[in-house]
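# predicted structure and sequence below. I'll ask about it afterward.
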Amino acid sequence: MPLDFDALSNWDFEEIEQTLTDRDTILYALGLGFGEDPTDRKELAFVYEAGLRAVPSMAVTMGYPGFWLRDPKTGVNWQKVLHGEQWLDIYKPLPVNGNIIGRSRIDFISDKGEGKGAVIYQSRDIINADSGEKLARVAMSAFCRGDGGFGGENRPGPAPAALPDRAPDHVCDIETLPRQALVYRLSGDMNPLHADPDVARSVGFDRPILHGLATYGLAARAILKSLLDYDAARLVGLDVRFSAPVYPGETVRFEIWEEGGEARFRASIPARDVVVLNNGAARFA
C-alpha cells in the first residue's frame with residue numbers, strides 16, 4: 001500500500017492532555033545527564049525540586065502524539081522512516097508542573113520522487129491547559145525513505161542554518177552514560193531500538209542507539225552551559241538537522257559559534273569522526 005497523501009494531509013490527531021509533574025521535569029533532565037556533578041548548583045536546579053527549572057528542550061516531549069506513522073492507514077513504510085530535522089520556538093518559560101495540551105497537525109508533505117523518498121512536515125502547539133496560553137511550537141520532519149513517487153509536489157522545507165566558516169567560539173564536550181538511553185526513554189519514547197540489543201541489531205546497529213531527541217536535548221544543555229550560564233528563560237529557539245546516531249557512552253562534542261543574538265552549532269563524535277547534529281541554530285531572548 002503506497003503512502004496515502006489525502007489521508008496524511010487530513011490526519012485527525014487527537015488532542016493530547018498531559019499532567020506534568022516535578023518528577024517528569026527532573027527525569028527528563030536526568031536523561032540528558034544534568035546533575036553529573038551533584039554539587040554543581042547550576043545543574044542541580046534542573047534535577048532538584050527546590051527551585052526547580054525546566055530544560056527548554058523538554059517541550060519536544062510534551063503533548064507527544066506517539067509514533068502515529070505506524071498506523072497502516074497512513075500507507076507509510078514506517079520501518080524506513082528517519083527523523084530528519086527538529087525545530088522549536090518557545091513563547092513562555094516552560095512550567096515544571098501543571099496541565100498541558102498538545103495539538104498536532106500536518107503542515108505539508110514533499111514528494112522527492114520515485115526512489116528518493118518523501119518528507120512529512122508536522123508541528124504541534126504546546127498549550128497551558130489552565131490559562132490557555134501557547135507555551136511553545138514544536139515542529140519536525142520525517143524522512144520516509146520508502147515512500148517517494150506518489151505524485152505529490154516536491155516542496156522545499158525551511159532552509160537549514162548556515163555554519164560560519166571559522167573556528168568555533170566555544171567547544172563543549174558532554175560525556176554520555178552507557179545507560180543514558182534507558183533513562184531518557186522514561187520521558188515517553190519507549191521504542192525498543194533504544195533498549196533491546198536484538199532489535200537494534202535487526203535494523204543494522206551494533207547495539208541500542210541514543211534517541212535523536214536525547215542528542216537534541218544535549219544540544220540545549222551545551223548551549224545553556226556555554227553561552228547562557230544556565231539561564232533557561234533565555235533559550236527561546238532550538239533547531240537542528242540530524243546526521244547520525246549516538247551510541248550511549250560516547251562523548252559528544254559541540255562546536256558553537258556566536259552570531260549576534262543567536263548561535264550556530266554542530267555536534268560530532270570525535271572517537272568516530274562523525275557529525276551527529278548539523279546546521280544547529282539557537283535563539284535567545
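Thanks, I have the structure now.
# pLDDT below threshold where in this structure?
The chain contains residues with pLDDT under 70 at 1.
# mind listing the strands for it?
Counting by DSSP state E, the chain has these strands, from start to end: 16-20, 81-90, 98-111, 118-128, 134-144, 170-175, 235-242, 251-259, 262-269, 274-284.
# the longest helix in this structure is where?
Criterion DSSP state H: the longest helix present in the chain is helix 212-227.
# could you check the angle that helix makes with strand 134-144?
Orientation check (axes from the mean of the first three to the mean of the last three CA atoms, to 10 degrees): helix 212-227 against strand 134-144 gives 130 degrees.
# check the protein and tell me which residue is nearest its centre.
For the chain, the residue nearest the mean C-alpha position is residue 213 (3.3 Å; CA atoms, centre = their mean).
# what about that residue, distance to residue 169?
Residue 213 is 26 Å from residue 169, where distance means CB to CB, to the nearest Å. (C-beta placed from N, C-alpha, C; glycine too.)
# domain assignment for the protein?
5-144, 170-284 (the TED database).
# quick check: residue 237 touching residue 88?
Yes: between residue 237 and residue 88 there is a contact at 6.2 Å, judged by CB atoms under 8 Å.
# those two - which one has more neighbours?
More crowded of residue 237 and residue 88, by other CB atoms under 10 Å: residue 88, with 24 against 17.
# list the residues that contact the more buried one.
Residue 88 sits next to 56-57, 59-60, 136-139, 237-239 when contact means CB atoms under 8 Å, 6 or more residues apart in numbering.
# try it again at 6 Å.
59, 138, 238 (CB atoms under 6 Å, 6 or more residues apart in numbering).
# out of the residues you listed, which comes closest to residue 74?
Checking these against residue 74 by CB to CB gives residue 138 as the nearest, at 19.8 Å.
# distance check, the closest one against residue 85.
Separation of residue 138 from residue 85 (CB to CB) stands at 12 Å.
# ok, the two, which is more surrounded?
Neighbour count, other CB under 10 Å: between residue 138 and residue 85, residue 138 has more, with 23 against 20.
# that one and residue 124 touch, don't they?
Yes: taking CB atoms under 6 Å as the definition, residue 138 is a contact partner of residue 124 at 4.7 Å.
# partner residues bridging residue 263?
Beta-bridge partners recorded for residue 263 (DSSP bridges): residue 258, residue 282.
# same thing with the one 4 residues further on?
Listed by DSSP bridges, the beta-bridge partners for residue 267 are residue 254, residue 277.
# how much space between it and residue 169?
Residue 267 is 15 Å from residue 169, by CB to CB.
# those two - which one has more neighbours?
Ranked by neighbour count (other CB under 10 Å), residue 267 and residue 169 place residue 267 first, with 25 against 16.
# can you pull the contacts of that one?
Residue 267 sits next to 252, 254, 276-277 when contact means CB under 6 Å, 6+ apart.
# mind saving the C-alpha coords of stretch 274-285 as PDB?
Extracted as PDB, the C-alpha positions of stretch 274-285 are listed here (Å, rounded to 0.1, in the frame of the first residue of the first chain):
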ATOM      1  CA  VAL A 274      31.300  11.600  12.500                       C
ATOM      2  CA  VAL A 275      28.800  14.500  12.700                       C
ATOM      3  CA  VAL A 276      25.600  13.700  14.500                       C
ATOM      4  CA  LEU A 277      23.800  17.000  14.600                       C
ATOM      5  CA  ASN A 278      24.300  19.700  11.900                       C
ATOM      6  CA  ASN A 279      23.100  23.100  10.900                       C
ATOM      7  CA  GLY A 280      22.100  23.900  14.500                       C
ATOM      8  CA  ALA A 281      20.600  27.200  15.500                       C
ATOM      9  CA  ALA A 282      19.800  28.600  18.900                       C
ATOM     10  CA  ARG A 283      17.800  31.800  19.500                       C
ATOM     11  CA  PHE A 284      18.000  33.800  22.700                       C
ATOM     12  CA  ALA A 285      15.600  36.200  24.500                       C
END
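# flag every buried residue along it.
Buried positions in stretch 274-285, judged by neighbour count with 16 or more other CB atoms under 10 Å: 275-284.
# cool, stretch 51-70 as well?
52-64, 68-69.
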